[in-house]
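# Give me coordinates for this.
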Amino acid sequence: MNFSSVLPLNVPKKPVTRISACVIGAGISGLATAKCMQDAGISCIVTERSDEVGGLWTFREKVPFGVMRCTHINVSKHNYCFSDFPFPDDVPDYPHHSHMSKYIVDYAKHFKITEMIRFQTEVKNVEKKDGEWHVTTVKVEEDGKGGYIRSDEELIIAKYVAIATGHHAKPSVVKFEGQETFKGEIIHSVDYKDPVTNRMVGNRVLVVGIGNSAVDVATDCASVGRCKEVHLSTRSGAWIVPNYVFGFPVDHYSCRAFLWLPWKFANMILERVIIMIYGHPNTWKLNPKMKALQTQPTVSPTLIHLIQRGYIQMHSNIRNMDGKTVNFTDGTSAEVDHAVFCTGFNIDLPYLSDDVKSKVLEEGTNKIKLYKNVFSPELDHTLAFIGFLQPASGGLLSMCETQARWFVELCKGNIELPPQLTMYSAINEDQEDCDKRYYASARHTIQKDPIVYCDEVASFFGAKPEIWRHPTLAWKLLLGTCGSAQYRLQGPHKWNKAHQTVKSIPVTDLMHYSGLFLVLLVLFMAVFVYRMLSCIF
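The predicted structure is shown next:
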């Protein structure tokens, strides 16, 4: 038989690269993972669909991805930074996205991570064959219209793979009764850049949602956007947390001493503080259906001020839409020209097979089936998911980096994962704890307190800061937030400037006084008990 008659001639072979590890995504979690690989001497390739590092933190004018023009991080720079690369001193406590983007680029350049990245490379498929991960990629180029032009395929074969594309992947789209009759423009927050770019200046705008993105859009439109009217619709309501409490960034109050309190008692303290500053949220029609610590914090220094001035009008959930009229469940209505749906995102892993995806995600929900949000008990330690969690009281970056360091120690064979049954038990226990504490919502399925989470994961590889080993920092480790550098005080690849960096982060006055009160109380009780015993004996 003449095979040349049935087989195509000169079929080009797919270029193949063999490497120890492949990291998917060059956002903060991907860069942290690549740097940890580099520290451990593991050869690594990073694939990145765009032409620059930074992920969501890179502002893109035409691409529906990334931050808004107005975005500042809502966590202080001490808690949203790489553990061995602090922000410069002249950057404000809450950096603008331009500061954040420059900081990420500087980090990648400083540690020569950029040299490991294949830009404009999209992952099409990830599958395991003969004990190795086969990552099929394709070169992409932006078409200038928010899409991509795809070309040649390549294959990366690696022993280890880290998926670091994050959970803000696929916009969650909602549908309201009569929405098809709406005469204005409806967009998701992922498409919002600013009121000028989105042609909203002088118009009436409805923002749907009450998370941080929704509040950013509403306050942007009501202030610099010069919009005629701004309406904010919320189904669940919210407790609005200020950026600063008694002169300190609000996340600086997130410390071990506070997090060790029963959460209901801690919640009572937080709610009292918020009410002292802003008044009760019901006063401003925010009407939260949950307690302050049962939800992702919505941080804003300006929302309530703009509500008080009448620049933003609060409404309950949408009942229906009719032309340009939007009717709400509280009986109010509004005429609007634009609607911005800030309704969150769903986790999306399109390059995984259905079989692998079923081991990772719970179908139809945003719940993940991963041990400590990183490893599937059925897929072993060679595949890690970095950054698939939502911080409840601080920054994501330290959590991603701690996950990455754990992954690298497993790759090096220095530690092992627990037995499969133990991992399943831990997954179920964590999910039950999450369900008990947090308000039922897709945004709360992967919620974790950063210090509590990082302490646990860091303890797996010896990086949890042990107070007895750092007596001069004991007060700060108990009552201060301490920042990301605290996880470089000890353990593999500890940093010689970690002690100095932790020492430079202030403890809030309130926590100082609370700590002193407790010390005096303990001393008083000790003296009282001693005297009682002296009288008896």
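# quick one: low-confidence ranges for the stretch 301-450 of the chain?
Within the stretch 301-450 of the chain, the stretches with pLDDT under 70 are 442-443.
# could you pull out the strands for the stretch 301-450 of the chain?
Here the stretch 301-450 of the chain has its strands, by DSSP state E, counting those that start in this stretch, at 313-315, 318-322, 325-328, 333-335, 338-341, 345-346, 383-385, 390-391, 447-448.
# Turn the ones you listed into TSV, including mean neighbour count.
All C-beta spots, glycine's among them, are computed from the backbone N, C-alpha and C. Formatted as TSV, the strands of the stretch 301-450 of the chain follow (neighbours: other CB atoms under 10 Å):
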stretch	mean neighbour count
strand 313-315	20
strand 318-322	18
strand 325-328	20
strand 333-335	15
strand 338-341	24
strand 345-346	18
strand 383-385	24
strand 390-391	22
strand 447-448	22
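# which stretch among these comes nearest residue 251?
Set against residue 251 and scored by CB to CB, those come closest in strand 390-391, at 9.2 Å.
# and that closest one, which strands flank it?
Strand pairing for strand 390-391, determined by DSSP bridges: strand 447-448 (parallel).
# Throw the strands of the stretch 301-450 of the chain into TSV and include distance to residue 536, thanks.
TSV is the format used below for those (distance: least, CB to CB, whole Å):
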stretch	distance to residue 536
strand 313-315	63
strand 318-322	70
strand 325-328	68
strand 333-335	73
strand 338-341	70
strand 345-346	65
strand 383-385	60
strand 390-391	51
strand 447-448	49
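# could you give the mean pLDDT of the lengthiest helix in the chain?
In the chain, taking DSSP state H as the definition, the longest helix is helix 509-536. Mean pLDDT, computed over helix 509-536, is 86.
# For it, name the packing helices and strands.
With contacts taken as 3 or more CB pairs under 8 Å, 6 or more residues apart in numbering; DSSP states H and E, helix 509-536 sits against helix 256-259, helix 474-479.
# Take those and write them to TSV, including mean pLDDT and distance to residue 34.
Rendered in TSV, the data for these read as follows (pLDDT from 0 to 100; distance: least, CB to CB, whole Å):
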stretch	mean pLDDT	distance to residue 34
helix 256-259	94	30
helix 474-479	96	29
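# mind checking which of those is nearest residue 459?
Closest approach to residue 459 among the helices and strands packed on helix 509-536 (CB to CB): helix 256-259, 13.3 Å.
# which outside residues touch the next helix or strand after that closest one?
Sequence-wise, the next helix or strand downstream of helix 256-259 (DSSP states H and E) is helix 263-278. Here helix 263-278 makes contact (CB atoms under 8 Å, 6 or more residues apart in numbering) with 239-242, 245, 258-259, 261, 281, 284, 291-294, 304, 437.
# The stretch 151-300 of the chain: strands as residue ranges?
Assigned by DSSP E, counting those that start in this stretch, the stretch 151-300 of the chain shows strands spanning 170-171, 185-188, 204-208, 229-233, 240-241, 244-245, 248-249, 298-299.
# rewinding a little: redo the helices and strands packed on helix 509-536 as TSV? Include mean neighbour count and distance to residue 329.
What follows is the helices and strands packed on helix 509-536, written out as TSV (neighbours: other CB atoms under 10 Å; distance: least, CB to CB, whole Å):
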stretch	mean neighbour count	distance to residue 329
helix 256-259	18	36
helix 474-479	19	44
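# Can I get the ones you listed in CSV including distance to residue 141?
Formatted as CSV, those follow (distance: least, CB to CB, whole Å):
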stretch, distance to residue 141
helix 256-259, 46
helix 474-479, 49
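# and residue 380, which of the ones you listed is closest to it?
Across the helices and strands packed on helix 509-536, the minimum distance to residue 380, taken as CB to CB, is reached by helix 256-259, at 31.8 Å.
# can I assume residue 417 is in contact with residue 423?
Yes: with contact defined as CB atoms under 8 Å, residue 417 reaches residue 423; the gap is 6.7 Å.
# Show me the common contact partners of those two, please.
By CB under 8 Å, 6+ apart, the residues touching both residue 417 and residue 423 are 371, 375.
# Any idea how far apart the tips of stretch 82-89 sit?
Start-to-end span of stretch 82-89 (CA to CA, to the nearest Å) is 15 Å.
# List the buried residues of it.
82, 83, 84, 85, 86, 87 (16 or more other CB atoms under 10 Å).
# What's the local residue count around the closest residue to residue 132 other than its chain neighbours?
Excluding the flanking residues, the one nearest residue 132 by CB to CB, 6 or more residues apart in numbering is residue 157, at 5.3 Å. Neighbourhood size, residue 157 [other CB atoms under 10 Å]: 15.
# residues in contact with residue 157?
16, 17, 18, 19, 132, 133, 134, 135.
# if you set the cut-off to 10 Å instead, what comes out?
By CB atoms under 10 Å, 6 or more residues apart in numbering, the contact set of residue 157 is 16, 17, 18, 19, 22, 129, 130, 132, 133, 134, 135.
# and the residues you listed, which of them are in strands?
The strands, defined by DSSP state E, take in 16, 17, 18, 19, 22, 129, 132, 133, 134, 135 from the contacts of residue 157.
# could you redo these as JSON lines and give each row distance to residue 471, pLDDT and neighbour count?
Below are the ones in strands among the contacts of residue 157 laid out as JSON lines (distance: CB to CB, whole Å; pLDDT from 0 to 100; neighbours: other CB atoms under 10 Å):
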{"residue": "16", "distance to residue 471": "54", "pLDDT": "92", "neighbour count": "10"}
{"residue": "17", "distance to residue 471": "49", "pLDDT": "94", "neighbour count": "14"}
{"residue": "18", "distance to residue 471": "48", "pLDDT": "95", "neighbour count": "12"}
{"residue": "19", "distance to residue 471": "44", "pLDDT": "97", "neighbour count": "16"}
{"residue": "22", "distance to residue 471": "42", "pLDDT": "98", "neighbour count": "27"}
{"residue": "129", "distance to residue 471": "52", "pLDDT": "93", "neighbour count": "8"}
{"residue": "132", "distance to residue 471": "47", "pLDDT": "95", "neighbour count": "15"}
{"residue": "133", "distance to residue 471": "45", "pLDDT": "96", "neighbour count": "18"}
{"residue": "134", "distance to residue 471": "50", "pLDDT": "96", "neighbour count": "17"}
{"residue": "135", "distance to residue 471": "47", "pLDDT": "97", "neighbour count": "24"}
